[in-house]
Every structure is written in structure tokens, then in C-alpha cells.
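Asker: Here is my input; please provide its structure:
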Amino acid sequence: MAGRDCPWRKCSFCSWTTIYPIFNVRGPENLLDEIGFLIEEHNAKEIFDDTGTFPGGKWLREFCTGMIDRGYSKEILFSCNMRFDYITEDVAQLMKRAGFRKIKAGLESANQKTLDRINKGIKVQDIIDGCRNASKEGIDVHLTVMVGYPWETKDDVLKTLDLARELMVKGYAEMLQSTIVIPYPGTPLYKEVIENKWFRINPDEYE
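Answerer: Below is the predicted model:
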């Protein structure tokens, strides 16, 4: 894992911030050294980095450059969790050259009001662009979607399903994972749920 947790750390539903106070990340060279060890000592052919969100920006570019320069991009296939707004056209091209096979990223909702409310920090268009940029370079996209936001209507939910369907039909994504919204204790979403009495921890509490 490149790091523990997620560098964004603002999503209201995420429990990571209640467990770890800061995002700890290794240097690109350090992770590359471990990948080299896995290749040389264990004949690794594919790696999935399960960091909450793989680092982006300068860190990602340095990692990709290292994968290419060390020749690891020809030895293994690499996959990870990632944010859609990290995947610009040029970044997607670099990632492909570096041996990336798949990214797993949270669509969460096709409704901008929901993305804003959960502090996802992306626009709906970022989701579409990120999927298109990755798929154009031959990088598979695994979508994760959440349903059951208490404030969403049936039409809101269908809008999300329609976007996920459209991305898959167009070939921008190749896998879909859907989960129910779960308000973990300690998160901002959990606090909001309790304040609005959207569920009962103790069935007798609100009798």
C-alpha cells in the first residue's frame, strides 16, 4: 500500500478519519523498491494497491515515471483505488505506459447536490471525464456506487443508475459495484443521521 487512508479525507461518510488523524504516505521510490522486491523474489505478475485512494499529482507522476524507468511496467500489471478528478488525459496516458490495468473509483451519486453534501470534492463531469480518459487508454474502470441517501428521491437514485449504465454501455467502465449507504459512528454523516432521527440505535429511544 502506498499509504494508509485517503489524501482527500473530507467525505462525510468515510470512517478513515475517525481511525487515523492524518494521511500517511510512503515516498514513490520506497513503494517502487517493494514492487521490485515482489517481482524479483516472488515473481509477482500483478499488484493491486489497496490504499484508500492512491496518491495523485506529483506523487503519481513520479511513481509512474519510476515504473517505466525501472522496467516494472513490462513486468507487472498494476491496479489501485483512485479519484476520478486525478485522471486527466495526460495522466491516463502516463498511467498506461506505467503498466496500470485497472482503477477502482467512487461514483457515489450522479446528483451534484449529493456529491456536495457528502463533501466528495468532485463534479459529475469529473466522473464522466475520468472514466473516458482511463478507458481511452485501455485502463479498466471499476465503478463503486452508493444508494440509500436519506435525502435523495427515487428520481435521484434512477439518475445515478442511468449514469452508471451509460458509462458501461459506452465502454467507459467495465465493472459496477453497488452498496447501501452506511453511516459509520464518528463520521459527519452519522451525526447528521442521528440529528435527523433517520434511524434508531435504540428502538425505545424515540418511542
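
Asker: how distant is the helix or strand that contains Asp33 from the center of its chain?
Answerer: Element membership of Asp33, judged by DSSP states H and E, is helix 28-42. Helix 28-42 sits 23 Å away from the centroid of its parent chain (Cα atoms, centre = their mean, to the nearest Å).

Asker: For that helix, give me every contacting residue.
Answerer: Helix 28-42 is touched from outside by 2, 44, 47, 49, 59, 62-63, 66-67, 70, 72, 75-76, with contacts defined as Cβ atoms under 8 Å, 6 or more residues apart in numbering. For every residue, glycine as well, the C-beta is placed using N, CA and C.

Asker: next structured bit after the one helix or strand in the chain whose mean pLDDT sits lowest?
Answerer: Least confident helix or strand, the chain: helix 16-19 with a mean of 62, by mean pLDDT, DSSP states H and E. Where DSSP H and E defines the elements, the next helix or strand beyond helix 16-19 is strand 24-25.

Asker: Is the residue positioned nearest the centre of the chain part of a helix or strand, or is it coil?
Answerer: Closest to where the C-alpha atoms of the chain average out (Cα atoms, centre = their mean) is Ala105, at 3.2 Å. Of the three states, Ala105 takes strand under DSSP: H, G, I helix; E, B strand; the rest coil.

Asker: begin at 278 from here
Answerer: Sure thing, new numbering starts at 278, so read that last one as Ala382.

Asker: just checking, it touches Val418?
Answerer: Yes: in this structure, Ala382 is within contact of Val418 by Cβ atoms under 8 Å, at 6.8 Å.

Asker: Show me the common contact partners of these two, please.
Answerer: By Cβ under 8 Å, 6+ apart, Ala382 and Val418 have these common neighbours: Gly407.

Asker: ok so, going back, do you know the pLDDT at the residue nearest to the centre of the chain?
Answerer: The score at Ala382 is 96. That number is its pLDDT.
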